[in-house]
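Q: Predicted model follows, preceded by the sequence.
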Amino acid sequence: MPVPPAVFQLAGHPLRWRLLVELAESDRRVGELINALDQSQPLVSYHLRQLRVGGVVTARRSSFDGRDSYYSLDLEGYSRLLADAGAALHPALQLSVHPALAATRPRRRPRLLFLCTGNSARSQMAEALLRELSGGRVQAFSAGSKPKHIHANAVAVMRARGINISKQQSKHLERFARQRFDCVVTLCDRVREVCPEFPGEPRAIHWSIADPAAQPGTDAETYPAFERTAAELETRIGFLLHRLSTPNKEEVLRP
């Protein structure tokens, strides 16, 4: 008897599906997942381990508290599993791995703010990538809790993608504290702990992404870390553009 594709075995369990829904919204710590699902720590940890073994969830030590970890959903990897599952059933069901961006322009341009500690690399690259990938359909901003000058490698990595960020300026997050946004994305674990409350209760998303500027070495030696960060941001932002026009996770249909 044929074995169901891995994606159905992973997502078919109700608790694992709820974990996937949570992680599709934002990176989470185990404690947050326990509270959100109202389940015991051993049970949540067991099913997280199954999702990690299945290759759809990853974990990274928190840069704020090294005793804790953030769990992330590999959306691109999950897409590949879905594509493989469709093709296994029928060739006509082969799905695209990468989401196509919506061509329609909303009546009001969403406002999105990226935050990290230095506003020198991750958030600057994310701001530029969102502006580029959305074709200007989203207003993108960035700031930091302890702003520094933009890192030369961040400029170089974006230039390689045909995007010029050399004129962008580092800004303190307090500049935006009274402004309204549709979504605030924290990109580092430290800034998440000091992120202020913004007016209007914007959607809060956390992406636990390592700071490439913290890597030891010369600019030439650390350039690959910046390239990896840019690639991860590009993937996440591609999926986020769809999330901006869809209901909150509470409205997602569950099996």
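A: Received the coordinates, thanks. Residues are numbered from 1 along each chain as shown.

Q: What is the distance between the longest helix anywhere in the chain and the centre of its chain?
A: Longest among the helix segments of the chain by residue count, using DSSP state H, is helix 219-243. Distance of helix 219-243 from the chain centroid (Cα atoms, centre = their mean, to the nearest Å) equals 10 Å.

Q: What helices and strands are in contact with that helix?
A: helix 75-89, helix 122-133, helix 152-160 (3 or more Cβ pairs under 8 Å, 6 or more residues apart in numbering; DSSP states H and E). For glycine as for every other residue, the C-beta is placed from the backbone atoms N, C-alpha and C.

Q: Show me the one of these that comes nearest Ser145.
A: Closest of those to Ser145 is helix 122-133, at 10.5 Å (criterion: Cβ to Cβ).

Q: ok, and what's touching the closest one?
A: Residues from elsewhere that reach helix 122-133 (Cβ atoms under 8 Å, 6 or more residues apart in numbering): 101, 112, 114-116, 138, 140-144, 150, 154, 157-158, 161, 163, 165, 168, 170, 185, 187-188, 209, 211-212, 226, 229-230, 233-234, 237-238, 240-241.

Q: Let's see that with 7 Å instead.
A: 101, 112, 114-116, 138, 140-144, 150, 154, 157-158, 163, 165, 168, 187-188, 209, 211, 229-230, 233-234, 237-238, 241 (Cβ atoms under 7 Å, 6 or more residues apart in numbering).

Q: Give the buried subset of those residues as a ChimeraX selection command.
A: Buried residues within the contacts of helix 122-133, by 16 or more other Cβ atoms under 10 Å, are selected in ChimeraX with:
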select :112,114,115,116,138,140,141,142,143,144,150,154,157,158,163,165,168,187,188,209,211,229,230,233,234,237,238,241
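
Q: hmm, back to that, including mean pLDDT and distance to Pro196, could the helices and strands packed on helix 219-243 go into JSON lines?
A: Output for those, formatted as JSON lines (pLDDT from 0 to 100; distance: least, Cβ to Cβ, whole Å):
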{"stretch": "helix 75-89", "mean pLDDT": "83", "distance to Pro196": "28"}
{"stretch": "helix 122-133", "mean pLDDT": "96", "distance to Pro196": "15"}
{"stretch": "helix 152-160", "mean pLDDT": "97", "distance to Pro196": "24"}
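
Q: can you list the ones you listed in a markdown table and add distance to Arg29?
A: Shown next, in a markdown table, are those (distance: least, Cβ to Cβ, whole Å):
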| stretch | distance to Arg29 |
| --- | --- |
| helix 75-89 | 19 |
| helix 122-133 | 19 |
| helix 152-160 | 27 |
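
Q: out of those, deepest packed?
A: Burial of those is given as mean neighbour count (mean count of other Cβ atoms under 10 Å); helix 122-133 ranks first at a mean of 25.
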